[in-house]
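Colleague: Take a look and give me a structure for this.
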Amino acid sequence: MILYNVTLHVVEEIINEWLVWMKEDHLPEVMASGKFTSFSMYKIKNHEAGDNSHNYSVQYIAQNMEDYESYARDFGPALKQKTMEKYGDKIIAFRTILEKII
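Modeller: Numbers count the residues shown, from 1 in each chain. Got it, this is the predicted structure:
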């Protein structure tokens, strides 16, 4: 099993619009690729007192590395570009691939 984690920092001014877009547009598009079996989205709660930042972790599960690589090659670039065109530098994303060991 492969866990594809996208950690996101989203600026305050777009947070509500972005959450709706994620739920209604982006997440369904990623899942429509057929390369992931499920996903979860979490709000990251550990931050400094007084920090108004909005950080999220979106975790997608792929059956194997081949499915993830197919997504990254065939679907990922267009979806990243679409996100950049819509939100530009108002979102910063960091991606991690994890392989389940136990």
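Colleague: what about the longest helix in this structure?
Modeller: The helix spanning the most residues in the chain, taking DSSP state H as the definition, is helix 76-87.
Colleague: mean confidence score for it?
Modeller: In this model, helix 76-87 has an average pLDDT of 97.
Colleague: Ok, stretch 31-45 next?
Modeller: Model confidence over stretch 31-45, given as mean pLDDT, is 97.
Colleague: Stretch 7-21 too?
Modeller: 95.
Colleague: For it, measure first residue to last.
Modeller: End-to-end span of stretch 7-21 (C-alpha to C-alpha, to the nearest Å): 16 Å.
Colleague: quick one: buried residues of it?
Modeller: Judged by neighbour count (16 or more other C-beta atoms under 10 Å), stretch 7-21 contains these buried residues: 7-8, 10, 14, 18. Where C-beta positions appear, they are placed from N, C-alpha and C, glycine not excepted.
Colleague: Kindly reformat those as CSV containing secondary structure.
Modeller: Shown next, in CSV, are the buried residues of stretch 7-21 (DSSP: H, G, I helix; E, B strand; the rest coil):
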residue, secondary structure
7, strand
8, strand
10, strand
14, helix
18, helix
